[in-house]
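S.K.: whatever this is, show me its structure:
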Amino acid sequence: MNQPDIEELLPAMINDTLDGAKRKEIEELVAHSPELQQDVEFMTFLRQSIKEQTEASPGELGLARLRKELALEKAAQEKRQERKPPFSIHLWQVAAVAASVLLVVQTVVLVNVINKDDDYEMLSGPSVQGAMLQVTFEPDATEKQIREVLNTAGVEIIAGPSAAGVYRLQLTDETRAQESITYLISQTSVVSHAAAE
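M.R.: Predicted structure coming up:
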């Protein structure tokens, strides 16, 4: 065998892919040639270095690390599920139930209070009983003049003024109804209009 044929077969011998007879022949030639021995040592070293690099490649280490992290995360998730109550209560659900109960209680209380209140009056004023009068005052009349006329006539303001400037008055003494209206009409410097409802 010549030198180029042997050099081509050396990698096959190092990788252990040669059959028995060829392998023995090349091993005998390598044993008698220092140059071939150096080539075999270099190729063996090179093969071992490449093998170590592939065994500890970052891709495999990264994959192993990823698998380990996934296993740890799965174990942690299983622990969290073990600690969970059989049913999950969310804070918003509790708040919604509490708000609903509060609304029902408030409605019941308000309905009962309104139904039991015998002295219920409208917010716009007391419930009116008896004779009512409507009055408009002169624009230049003072508050003092208006008060004196109303006190003398025996009436009090219960509503007003409306958008048209009309006041509603109630008589304090119903026996004097006609006298009060006559008096109010006579006060032309303060009262511009007075009439019974």
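
S.K.: what's the helix or strand for the residue nearest the centre of the chain?
M.R.: Centroid-nearest residue in the chain: Trp92, 9.3 Å away (criterion: Cα atoms, centre = their mean). Secondary-structure assignment from DSSP states H and E places Trp92 in helix 91-116.

S.K.: next SSE downstream of that helix?
M.R.: strand 132-137.

S.K.: tell me which other helices or strands that following strand touches.
M.R.: Packed against strand 132-137 by the contact rule (3 or more Cβ pairs under 8 Å, 6 or more residues apart in numbering; DSSP states H and E) you find strand 167-171, helix 177-186, strand 191-196. In short, each C-beta sits where N, CA and C put it, glycine included.

S.K.: and the angle for whichever helix or strand comes after that strand with strand 132-137?
M.R.: Later in the chain than strand 132-137, the nearest helix or strand by DSSP H and E is helix 143-153. If you take axes from the mean of the first three to the mean of the last three Cα atoms, to 10 degrees, helix 143-153 sits at 150 degrees to strand 132-137.

S.K.: can you give me the offset of the next helix or strand after helix 143-153 from its chain's centre?
M.R.: For helix 143-153, the following helix or strand on the C-terminal side (DSSP H and E) is strand 155-159. Centroid separation between strand 155-159 and its chain, computed with Cα atoms, centre = their mean, to the nearest Å, is 53 Å.

S.K.: domains of the chain?
M.R.: 3-55, 132-196 (automatic domain parsing).

S.K.: for those, which one ends up most surrounded?
M.R.: Most buried of these by mean neighbour count (mean count of other Cβ atoms under 10 Å) is domain 132-196; its value is a mean of 15.

S.K.: straight-line length of it, end to end?
M.R.: 6 Å (Cα to Cα, to the nearest Å).

S.K.: in JSON lines: the domains of the chain, plus distance to Ala75.
M.R.: Listed next are the domains of the chain as JSON lines, based on distance: least, Cβ to Cβ, whole Å:
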{"stretch": "domain 3-55", "distance to Ala75": "28"}
{"stretch": "domain 132-196", "distance to Ala75": "78"}
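
S.K.: ok, which of those domains comes nearest Gln77?
M.R.: Judged by Cβ to Cβ, the one of these that comes nearest to Gln77 is domain 3-55, at 32.1 Å.

S.K.: ramachandran coordinates for the nearest residue to Asn15 once chain neighbours are set aside?
M.R.: Leaving aside its sequence neighbours, Asn15 sits nearest to Arg47 (Cβ to Cβ, 6 or more residues apart in numbering; 7.1 Å). When read as degrees, to the nearest 10, the backbone of Arg47 gives phi -60, psi -40.

S.K.: before I go, just wanted to say thanks for your time.
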